[in-house]
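> sequence first, predicted coordinates after that:
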Amino acid sequence: MVQKNIKIQIPTGLEARPVAVLVQIASKYESSIFIESGTKKVNAKSIMGMMALGLEADEEIKVIADGKDEEEAIKGIEEFITSAK
């Protein structure tokens, strides 16, 4: 299991479109991937769960991946979340 704190650098935060892209990225990996914000923890492959978090720009989240491609999963998600578009 790998965990990493990542600051959201997408100017709009994780609203509908970025959430959809994030879920697509997470779904490419075999590992279980969760996003934790405060007391909430949701499956990164669940669009409804991710939307429920309502994550803002500059907010810090914890990404947790567990599985055989966990390192790649964390890296792929980090690249997307930190790409200021």
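Looks like it arrived, so ask away.

> can you list the residues that contact stretch 19-27?
Residues outside stretch 19-27 that contact it (Cβ atoms under 8 Å, 6 or more residues apart in numbering): 14, 33, 44-47, 50-51, 73, 76-77, 80-81. Placement of C-beta: from N, CA and C, glycine included.

> can you pull the contacts of the residue of the chain most remote from its centre?
What lies farthest from the middle of the chain is residue 68; by Cα atoms, centre = their mean that is 17.8 Å. By Cβ under 8 Å, 6+ apart, the contact set of residue 68 is 30, 31.

> do you know how far it is from residue 77?
Distance from residue 68 to residue 77, counting by Cβ to Cβ, to the nearest Å: 16 Å.

> go on, residue 4?
Counting by Cβ to Cβ - residue 4 and residue 77 are separated by 9 Å.

> returning to that earlier point: for the residue farthest from the centre of the chain, what is the enclosing helix or strand?
Counting by DSSP states H and E, no helix or strand carries residue 68.

> same thing with the one 10 residues further on?
Here residue 78 sits within helix 70-81, counting by DSSP H and E.

> pLDDT of that helix, averaged?
Taken as a whole, helix 70-81 has a mean pLDDT of 97.

> contacts for it?
So helix 70-81 is in contact with 1-2, 4, 6-10, 14, 18, 21-22, 25-26, 28-29, 31, 33, 44, 61, 63, 65, 67, going by Cβ under 8 Å, 6+ apart.
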